[in-house]
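Colleague: got a predicted structure here, sequence first:
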Amino acid sequence: MLALSRATGVTLAEAGFLLVVIAGVWLVASQLPPLRYRVMRTIVAGAALAAGGVLLIVATHWGHFG
């Protein structure tokens, strides 16, 4: 059985949320060169994913989320 302390759990959650932020930024950056209207939805989705990840990191670190 695996037991994690609260601090370790929060650290792991923050690392996971950081990966969400990186994925969102990567998604936005991959769609920027061919700036057309059909890819605008992907850019907005990536930006929202990145912003959501940042908010989850803040909630986990300072808001005692989880």
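Modeller: Right, received. Where do you want to start? Residues are numbered from 1 along each chain as shown.

Colleague: got phi/psi on the closest residue to residue 54 other than its chain neighbours?
Modeller: Nearest non-adjacent residue to residue 54, counting by C-beta to C-beta, 6 or more residues apart in numbering: residue 21, 5.8 Å away. Any C-beta I mention is one placed from the backbone N, CA and C, and that applies to glycine too. Main-chain torsions, residue 21, degrees, to the nearest 10: phi -60, psi -50.

Colleague: I'd like to know how far residue 21 sits from residue 6.
Modeller: 22 Å (C-beta to C-beta, to the nearest Å).

Colleague: between those two, which one's more packed in?
Modeller: Ranked by neighbour count (other C-beta atoms under 10 Å), residue 21 and residue 6 place residue 21 first, with 18 against 9.

Colleague: ok, the more buried one - contacts?
Modeller: 49-50, 53-54, 57 (C-beta atoms under 8 Å, 6 or more residues apart in numbering).

Colleague: so residue 28 makes contact with residue 47?
Modeller: Yes. Assessed by C-beta atoms under 8 Å, residue 28 is found in contact with residue 47 at 5.6 Å.

Colleague: would you map the strands across this protein?
Modeller: Here the chain has no strands by DSSP state E.

Colleague: where exactly do the helices run in it?
Modeller: Taking DSSP state H, the helices of the chain run over residues 6-31, 40-62.

Colleague: tabulate those helices (a markdown table), appending mean pLDDT.
Modeller: Shown next, in a markdown table, are the helices of the chain (pLDDT from 0 to 100):
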| stretch | mean pLDDT |
| --- | --- |
| helix 6-31 | 84 |
| helix 40-62 | 82 |
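
Colleague: where's residue 46 relative to residue 27, distance?
Modeller: 3 Å.

Colleague: over to residue 21?
Modeller: Counting by C-beta to C-beta - residue 21 and residue 27 are separated by 11 Å.
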